[in-house]
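Q: the following block contains a protein sequence and its predicted model.
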Amino acid sequence: MNYTIIDVINKYSQKELTLIDIIYLCDNNTLTWEIIKNNPQIKWSFKDLSCHPSITMDIVKENPQYKWDMNFLSSNPNITMDTIRE
């Protein structure tokens, strides 16, 4: 059986997820900003999310309350020098 990231979040959101679990969730290529926003019960690793392709500079700018990692942001394929200058 194939599980989606939503299946995993729904199944495990009530239990304590380890840091490794959260990092694996953050690295999942089907993760979207909507999923992150709609699941605040998960202690997301914003360091790891910083380089996730679904994260854009607009998301970072609109959400300064999170601890984005500037080094990891520089590895994000959606963030270029042009987007930083904007």
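A: Ah, there it is.
Q: where in this protein is pLDDT low?
A: Scanning the chain for pLDDT under 70 picks out 1, 13-15, 86.
Q: settle this for me: H52 is touching C26, isn't it.
A: Yes: if you go by Cβ atoms under 8 Å, H52 and C26 touch, sitting 6.4 Å apart. Every C-beta, even on glycine, is put in place using the N, C-alpha and C of the backbone.
Q: intersection of neighbour lists for these two?
A: By Cβ atoms under 8 Å, 6 or more residues apart in numbering, H52 and C26 have no common neighbours.
Q: chain neighbours aside, what residue packs nearest to N28?
A: I5 (5.1 Å; Cβ to Cβ, 6 or more residues apart in numbering).
Q: so what's the one you found up against?
A: For I5, the contacting residues are L25, N28, T30, L31, I35, by Cβ under 8 Å, 6+ apart.
Q: host element of the last one?
A: Of the helices and strands defined by DSSP states H and E, I35 is found in helix 33-37.
Q: which residue is nearest the middle of the chain?
A: L49 (3.4 Å; Cα atoms, centre = their mean).
Q: what sits against the spatially closest residue to that one that is not a sequence neighbour?
A: Closest residue to L49 apart from its sequence neighbours, by Cβ to Cβ, 6+ apart: C26 at 5.1 Å. C26 is in contact with W44, S45, D48, L49, H52, counting by Cβ under 8 Å, 6+ apart.
Q: name the SS class of C26, please.
A: helix (DSSP: H, G, I helix; E, B strand; the rest coil).
Q: and it, how far from I36?
A: C26 is 9 Å from I36, where distance means Cβ to Cβ, to the nearest Å.
Q: list residues touching both of those two?
A: By Cβ under 8 Å, 6+ apart, the residues touching both C26 and I36 are W44, L49.
Q: got a winner among the contacts of C26 for most neighbours?
A: Using other Cβ atoms under 10 Å as the neighbour criterion, L49 leads the contacts of C26 with 27 neighbours.
Q: isn't it right up against K37?
A: No: the pair L49 / K37 is not scored as a contact, 11.6 Å apart, by Cβ under 8 Å.
Q: closest one to T83 out of the contacts of C26, please.
A: Of all the contacts of C26, H52 has the smallest distance to T83: 15.0 Å, by Cβ to Cβ.
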